[in-house]
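>>> below are the sequence and a predicted model; questions follow.
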Amino acid sequence: MSTTATTTGLAIETAGLVKTFGDNRAVDGVDLTVPAGTVYGVLGPNGAGKTTAVKMLATLLRPDAGEAHVFGHDVVREADAVRSRVSLTGQYASVDEDLTGHENLVLLARLTGHGKKPAAARADQLLDAFGLLEASGRQVKNYSGGMRRRIDIAASILNTPDLLFLDEPTTGLDPRSRNQVWEIVRAVVAQGTTVLLTTQYLDEADQLASRIAVIDKGRVIAEGTKGELKSSVGSGSVHVRLRDAHQRPDAERLLNTVLDAQVVLEPDPVALTARVGGASNGRGAAEQASRALAELAAARITVDTFALGQPSLDEVFLALTDQPVQDQRPVRDQTSEEATA
Ligand SMILES: Nc1ncnc2c1ncn2[C@@H]1O[C@H](COP(=O)(O)OP(=O)(O)O)[C@@H](O)[C@H]1O
Ligand SMILES: [Mg+2]
């Protein structure tokens, strides 16, 4: 790879990025390297510092220490150059609730220099692509949560940015709407835009991102391809409910042996959870889970329910930090978040 390709190959590069609010180190020395042309996932619980980091990268907040470059431009000294190449959506209101979907997109397209006809054409094109054509004449305040996220994203890619920040684009959405947003993200990346996606869901990062940074309390606690992350965390977890709580110690020992994984005893006295699909034994999660089920049956341990799922953020954190997720603040709605920003 030539030097030019190497230097232009990064959408984001940060070193020791810090932002403090009073004595709260919201972002506490973050190093990130985001290759261009990919989706990069930043996974972390509420209060981890995701939005604060994104705001610094998008030039909306000034870092207190460290450096950040976006396509080689310093986010403080070359903020205008950065702004010309990025767009941001998520916990920010860019669309006007009182305008219709169509009016919003046309207005924003006009504001960014499109002529009247091209603005209308671009608006229609995006409304169509995002499944909002039917709703295009309705005021945005009457949109569902899923439609609202889609119009937000549509608004932020009117001018096909080189880098799009999607800050928790699916938090609070139903599964169907989440899938629609995921499709949109894939389409955006297919057009060459780099996406920095923050999320609280491992499965979302897994679906979309090629690399993932896990952040907690303002620090990156793990980083890698999703394959690397899964081999440290496990690609799934089995949830078992027994008929009889007395059999739980036996089930725990057995699962521990068969899965070679930490078994968590749930507060519910008949329930256990164990991670599967980690690097330790190289087998797929489903294969391990079915083996575990067979061994439980062979040991005459009666299982009421047995489920294989992706690890939750809680399980990721337990695996990486030996501690459960600690939310640093109550979940607030976007309006109050906006007000404190
Ligand atoms: N404008 C602000 N003023 C004071 N504290 C803030 C502000 N924005 C965020 N914080 C605090 O910084 C920490 C990180 O917040 P945030 O970046 O919003 O996390 P996330 O987006 O991961 O939920 C939290 O403790 C939050 O309360
Ligand atoms: Mg946030």
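Cool, got the structure. Numbering: from 1, shown residues only. Ligands and ions are numbered 1, 2, ... in the order given.
>>> backbone dihedrals for the one residue in the chain that gets nearest to ligand 2, please?
Nearest residue of the chain to ligand 2: residue 51, at 3.1 Å (CB to the ion). The C-beta positions use only the backbone N, C-alpha and C, and glycine is treated the same way. Dihedral pair for residue 51: phi -60, psi -40, per degrees, to the nearest 10.
>>> what sits up against the helix or strand harbouring residue 180?
Per DSSP states H and E, residue 180 falls inside helix 175-190. Residues from elsewhere that reach helix 175-190 (CB atoms under 8 Å, 6 or more residues apart in numbering): 37-39, 129-131, 144-146, 149-150, 153, 157, 164, 166, 169-170, 173, 195, 197, 204, 207-208.
>>> which among those residues end up buried?
38-39, 129-130, 146, 149-150, 153, 157, 164, 166, 169-170, 173, 195, 197, 204, 207-208 (16 or more other CB atoms under 10 Å).
>>> start and end of stretch 39-58, how far apart?
16 Å (CA to CA, to the nearest Å).
>>> average model confidence for that stretch?
Across stretch 39-58, pLDDT averages out at 95.
>>> wait, residue 148 touches residue 140, no?
Yes: using CB atoms under 8 Å, residue 148 is in contact with residue 140, at 6.7 Å.
>>> those two: which has the busier surroundings?
residue 140 (22 against 19; other CB atoms under 10 Å).
>>> that one: what's it in contact with?
Contact analysis of residue 140 by CB under 8 Å, 6+ apart lists 95, 96, 97, 98, 99, 100, 101, 104, 148, 151.
>>> over to residue 124?
Counting by CB under 8 Å, 6+ apart, residue 124 touches 102, 133, 136.
>>> how much space between the residue lying closest to residue 104 once chain neighbours are set aside and ligand 1?
Nearest residue to residue 104 in three dimensions, chain neighbours excluded: residue 95, at 4.5 Å (CB to CB, 6 or more residues apart in numbering). Look at residue 95 and ligand 1: by CB to the nearest ligand atom, to the nearest Å, they are 21 Å apart.
>>> then residue 300?
Where ligand 1 is concerned, residue 300 sits at a distance of 47 Å (CB to the nearest ligand atom).
>>> would you list the phi and psi of that residue?
phi 60, psi 40.
>>> list the beta-bridge partners for the residue positioned nearest the centre of the chain.
Nearest to the mean C-alpha position of the chain, by CA atoms, centre = their mean, lies residue 199 at 2.4 Å. Using DSSP bridges, the bridge partners assigned to residue 199 are residue 43.
>>> with residue 89 instead?
residue 166.
>>> which stretches of the stretch 201-341 of the chain form strands?
Using DSSP state E, counting those that start in this stretch, the strands of the stretch 201-341 of the chain run over 211-216, 219-225, 236-242, 263-265, 271-276, 303-309.
>>> tell me which other helices or strands the first one touches.
Packed against strand 211-216 by the contact rule (3 or more CB pairs under 8 Å, 6 or more residues apart in numbering; DSSP states H and E) you find strand 24-35, strand 39-43, strand 219-225, helix 226-233, helix 313-321.
>>> related to what we said a few turns ago, correct me, but the residue nearest to residue 104 touches residue 155?
Yes: Residue 95 is in contact with residue 155 according to CB under 8 Å; the separation is 5.3 Å.
>>> which neighbours do these two have in common?
The contact lists of residue 95 and residue 155 share 104, 108, where a contact means CB under 8 Å, 6+ apart.
>>> and residue 192, which helix or strand is it part of?
Counting by DSSP H and E, residue 192 is part of no helix or strand.
>>> contact partners for the closest residue in space to it that isn't next to it in sequence?
Closest residue in space to residue 192, ignoring its immediate chain neighbours: residue 37 at 6.4 Å, by CB to CB, 6+ apart. With CB under 8 Å, 6+ apart as the criterion, the residues that contact residue 37 are 11, 189, 192, 194.
>>> what helix or strand is the nearest residue to the last one once chain neighbours are set aside located in?
Excluding the flanking residues, the one nearest residue 194 by CB to CB, 6+ apart is residue 11, at 4.0 Å. If you go by DSSP H and E, residue 11 is part of strand 10-21.
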